[in-house]
Every structure is written in structure tokens, then in C-alpha cells.
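S.K.: Coordinates for the following, if possible.
(one chain, ligands or ions: 1)
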Amino acid sequence: MKLGCIADDFTGATDLAGLLRRSGASVKLHFGLPDHPCDGSADIEIVALKCRTEPVAKAVADCSQAAHWLLAGGAESLYWKYCSTFDSTAQGNIGPVAEALMSITGQTQALYCPAFPENGRSVFMGNLFVGEQLLSESSLKDHPLTPMTDSNLVRVLQPQVNGSVGLWNRIQQADNQSIPDTTHIIADAVEFNDLVRLIEKTPESVLLTGGSALALPIPDKLGLSSTDPVADPQPAKRAIIFSGSCSQMTNRQVSEWKASNPSYQLKPSELNAEALEQCLNWIDNLGANEVGLVYATDTPEAVKASQAKLGVAAAGELVEQAMATLAQQAYTRGVRRFVVAGGETSGAVTQALGVREVLIGKEICPGVPWVYSGSDKDTVALALKSGNFGSPTFFKDALSLLD
Ligand code: ADP
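M.R.: Model prediction:
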């Protein structure tokens, strides 16, 4: 293994994995800290944690453990991945984790660049933009857990860290001025070539941290890029789609699929053992080549009505539990291709299937690769899509990529 990455949430880690796989390097993703030693068998290994909003001390402890695990497996350098909208509070966790990782690797500085030009996130003069809007004027200002009310990342990072914070702006970079000598450096980037230049110009004594896009040029720099990538494993053909996301795009994707394919709706208020049994009967009666969609996806009004009746958490939990049980049952019936819509829903399904680590395969759309678990002889393929990712034909796109 050349590169070890630590990501602060699961879908962000999948996004990073998909982008790094574009290089042709082999990429392995672990959900949670593995309970076995790292064998360093892939070029790049990623540990996905759920530490974005954990208390600082816990996030630092978890990430430090992941770092030691990756370094023991042979990682030559580390990458700290967080959200492209720099989701954090004045307490952390982006800065404190970076400082902990620096003390583990012995690196003396850390570079921060959340820019993701392909997805409209850019940093200019230290200010983070979401499309044309400043971060503090975007919907992120109202985030329930990490409201981002200041777009200036130098100001956002300073209270999180002990060391000094400086800016390496785009004009200085283009002018070949070297990296500032502050301990922490916010770096501008508005287009992909800026990220390439940052990776080229940043010395090894600097810890790299950022969104998924800054990592994209790293395989090239490490000599890991290959035009002849390892082929994806071949899972058995039987497939199913689960959709628990209620985002606008998922609603479109469900409508698109339903128009010409079999589908089955789960209603949270009617979800009991009998309802699951009926759904299983429906799955059993599908034709050998038919792919069914099981969905709880609904309009915002219908979701609000279920939540009012059952409670927000209970409605979500009922649906996730149902999807988890159905996924296990589908697996015992021979299904090996799972397309799942929804971040939490994906978490529930992967947990139910006992998936702890995956190899990364072909990219279905930016941010969503096929991932594989199981053995060579019995592979399980998963497409895990959060919220608004993908185009309206995502389900079909995902399945046809495997054929
Ligand atoms: P996304 O990635 O779009 O946020 P998630 O799966 O993370 O999707 O979250 C959607 C949440 O909504 C899940 O907890 C899911 O169980 C819940 N849910 C799904 N369908 C309904 C529904 N009809 N009514 C209420 N909650 C629902």
C-alpha cells in the first residue's frame, strides 16, 4: 500500500474511493476500523469512520487508531478526507484530527483544500464557494449539526487548532511562490488543474487534507496510475433495488424505473411482519431476469405525514429495518447485485449483509462506484447512492454497467 486515507463519513469515503479508482490503482474501502491487521494488499486503502460530528476527543482517538492501523499495513503517506463544504464547528473536528495525524506521521505542516470543481465547490482567496454562492450564503448555513456561517476558511480553521493558519492563494500559487510557513495552510483551487498543481508543489513534510477531489492527482504523483486497471469481479446475475432516500432526485429515479419495471412500495405506517412477508412473496414471484425495486421513497408531504404519525426517528428506523431484513432475505435467495438509494439506507443494508470491506469498481456516476465484497467465487456487488447523486436513469445505468 502506498496511500492510506481516513474519511469522516461513509458516503464521503465511497466518493473518495470512486475518484481514486479512476487512476487505475487498486482501492480497498473499510467501513469502520477493521478488527484484523491491515494486509496492505491494495495500492490505496481507505478507512471510513463516522466522526464528522463526534466529540473532538473521540474523533481524534478514532482517527489516530485508523492512522496507526494504516501505517502498520505499510501506508507510505496519509490523506485526511472531510466534506467539500468543510462541515465542522469551532471545536473541530477537521483541525484537531489534522494536528493528531501530524504528530503521528511527524509532518510539520498540514494543507487544507476542500475544493471539488466538478461538483461546484471552489476556494478563492480562502473563501469557499458552493456554485456561485459563498458557503455562508448557501443552504449549508442552516445545516442542523454543522451550520457554516463563515465562508473564510482561515477564520473557520483558526479556533480549531493550536498552530498558526495561513493562506496559499491562487495568485501566489500561479506565481510559483512556495507554500507559506504557517503550521496550517488553506489552499485556493477553482479548477482541477489547481489541484494538480497543489499536489505537485506540496512537499512531503506537509500532511494533505481535503475533500475527495484533492486526492485525485495523488495516484499519478505516487506512480500508481495504470491504464490497465484490474478487472471488476463478476457477481451472480440476480439483482434487486432498494430505495429509502426521499430526495428530489431519488423520487425522479424511482418514477423513471417504475414506468417500465416491477416495483413494490413499502409504507412506513403499515410496516409489520405481515407486510414484509407480502413483499418477500412479491420478490419470489419475479421472473428470473426481472429486477424489482422495493421503495419507501415518497413525496415530502407524504414523508411529513408518516413522520407526524410515527415520529421522525421511528419512521426512518422502521423503513431502514425493513430494507435490512429484505436485503438479508434477498441474499439467501441468491441475489448478489444490490442497488441502494439513500445514505442511511445504504448503511442499514451493508450492515445487514455483514459487509465490512469492499473493493472499488467501475464508476456509475461521479461519487458512486460499484463496490464488491465477498470472495472471488461468491462476490456481492453494491451500488450505494446517497441523496441527490446520479441522473434520473441511475438504477438502469448502474445495472447495465455490470452486464
Ligand atoms: P438520503 O441519502 O437521501 O438522505 P437516507 O437513506 O440517508 O437518504 O435517509 C432517508 C431516511 O428517510 C431514512 O432514514 C429512511 O428510512 C427514511 N424514509 C424513507 N422513506 C420514508 C417515508 N416514506 N416516510 C418517512 N421516512 C422515510
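S.K.: Excluding chain neighbours, give the residue nearest to the residue in the stretch 251-400 of the chain that the ligand sits nearest to in space.
M.R.: Of all residues in the stretch 251-400 of the chain, Gly342 sits closest to the ligand, at 2.4 Å by CB to the nearest ligand atom. In short, each C-beta sits where N, CA and C put it, glycine included. The shortest distance from Gly342 to any non-neighbouring residue, by CB to CB, 6 or more residues apart in numbering, is to Ser245 (3.4 Å).
S.K.: cool, and Ser23?
M.R.: Per CB to CB, 6+ apart, closest to Ser23 is Pro219, 3.5 Å.
S.K.: right, and the secondary structure at the spatially closest residue to Ala7 that is not a sequence neighbour would be what?
M.R.: Distances taken as CB to CB, 6+ apart place Ala13 nearest to Ala7, at 3.5 Å, with adjacent residues excluded. Secondary structure, DSSP: H, G, I helix; E, B strand; the rest coil: Ala13 is helix.
S.K.: Tell me how many other residues surround Ala13.
M.R.: Counted with other CB atoms under 10 Å, the neighbours of Ala13 add up to 23.
S.K.: Just list the residues touching it, thanks.
M.R.: 5, 7, 29, 31, 46-48, 81 (CB atoms under 8 Å, 6 or more residues apart in numbering).
S.K.: Just flag the most distant two among these.
M.R.: Across the contacts of Ala13, the longest distance by CB to CB is 14.3 Å; it joins Phe31 and Lys81.
S.K.: of the two, who's got more company?
M.R.: Each of Phe31 and Lys81 has its neighbours counted (other CB under 10 Å); Lys81 has more, 26 against 22.
S.K.: hang on, the residue nearest to Gly342 is in a helix, isn't it?
M.R.: No - counting by three-state DSSP, one finds Ser245 to be coil, located in no helix.
S.K.: Kindly list the longest strand within the chain.
M.R.: strand 357-365 (DSSP state E).
S.K.: can you give me the mean pLDDT across stretch 361-378?
M.R.: The average pLDDT within stretch 361-378 is 89.
S.K.: With stretch 209-227 instead?
M.R.: Computed over stretch 209-227, the mean pLDDT rounds to 93.
S.K.: distance between the ends of that stretch?
M.R.: One end of stretch 209-227 sits 26 Å from the other (CA to CA, to the nearest Å).
S.K.: in it, what's buried?
M.R.: 209-219, 222, 224-225 (16 or more other CB atoms under 10 Å).
S.K.: Specify which member of those residues is nearest to the ligand.
M.R.: Ser212 (16.7 Å).
S.K.: residue contacts, the residue nearest to the closest one when sequence neighbours are not counted?
M.R.: Once flanking residues are discounted, Ser212 sits nearest to Leu16: 4.1 Å by CB to CB, 6+ apart. Applying CB under 8 Å, 6+ apart to Leu16 gives the contacts 5, 7, 46, 81, 212, 215.
S.K.: Give me the spatial nearest neighbour of the last one, chain neighbours excluded.
M.R.: In space, and not counting its chain neighbours, Ala215 is closest to Tyr79: 5.5 Å by CB to CB, 6+ apart.
S.K.: tell me the SS of the one you found?
M.R.: Here Tyr79 is strand, with the state taken from three-state DSSP.
S.K.: And the residue nearest to Ser212, how close does it get to Thr146?
M.R.: Using CB to CB, to the nearest Å, we find Leu16 at a distance of 19 Å from Thr146.
S.K.: Run through the residues of this protein sitting next to the ligand.
M.R.: Within the chain, the residues that sit near the ligand (CB under 6 Å from any ligand atom) are 244-247, 250, 268, 296, 298, 302-303, 306-307, 315-316, 319-320, 342-345, 386-387.
S.K.: pLDDT weak spots in the stretch 251-400 of the chain?
M.R.: Counting by pLDDT under 70, the stretch 251-400 of the chain contains no low-confidence range.
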